[in-house]
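>>> here is a sequence with its predicted model. Questions after.
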Amino acid sequence: MKICKDTGNNAFYHLQFCLVLCVNNTENIFNPQAVKRLAEITLSIAESFDVQITSQKTHNNHTVIQFNARPATVLSRFVNSLKSVSSRALRKEYPEIETHLAKKSLWVNSYFLSTVPASEHAFRNTVNRYINTTIQGLE
């Protein structure tokens, strides 16, 4: 675990988060190129917010992003920027995605954001419960 020092504020921190974004569809709409492009967009947005992406896994109908952030990071602004920029870019660059969406936007309105806990098993159960509940609401 890397502990960071916030220069000038005498603060030491290690803030890890997990973000889950679900797609406005229950089908697999991401081709390998779109998955790669989503990762590039995520890194670009993260850099502008001084956020470090530690992992990103995109599945059929959702993406799971783990990242480190500074205490001053406005997480809601980061997430909303990521959702809007990635939705716009992917729909423009891959028009076939838009034909499979239930609504105009790529992502559902909600998102799941959590600190990364010590118990990985309990955490995965919570994330899976969110994904399943969200996807069932689309059917």
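Everything's here; your move.

>>> can you give me the helices in the protein?
Ranges of helices in the chain, per DSSP state H, are 32-48, 75-93, 95-99, 120-138.

>>> tabulate these (a markdown table), appending distance to Ser55, mean neighbour count and mean pLDDT.
C-beta here means a position set from N, CA and C on the backbone, and glycine is covered the same way. Listed next are the helices of the chain as a markdown table, based on distance: least, C-beta to C-beta, whole Å; neighbours: other C-beta atoms under 10 Å; pLDDT from 0 to 100:
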| stretch | distance to Ser55 | mean neighbour count | mean pLDDT |
| --- | --- | --- | --- |
| helix 32-48 | 10 | 15 | 97 |
| helix 75-93 | 15 | 16 | 96 |
| helix 95-99 | 23 | 12 | 87 |
| helix 120-138 | 13 | 13 | 78 |
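
>>> dump those helices to JSON lines, plus distance to Ser114.
Formatted as JSON lines, the helices of the chain follow (distance: least, C-beta to C-beta, whole Å):
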{"stretch": "helix 32-48", "distance to Ser114": "17"}
{"stretch": "helix 75-93", "distance to Ser114": "11"}
{"stretch": "helix 95-99", "distance to Ser114": "27"}
{"stretch": "helix 120-138", "distance to Ser114": "7"}
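
>>> so which of those gets nearest Val108?
Val108 lies closest to helix 120-138 among the helices of the chain, at 5.8 Å (C-beta to C-beta).

>>> for the closest one, what is the distance to the chain centroid?
Computed by C-alpha atoms, centre = their mean, to the nearest Å, the separation of helix 120-138 from the middle of its chain amounts to 14 Å.
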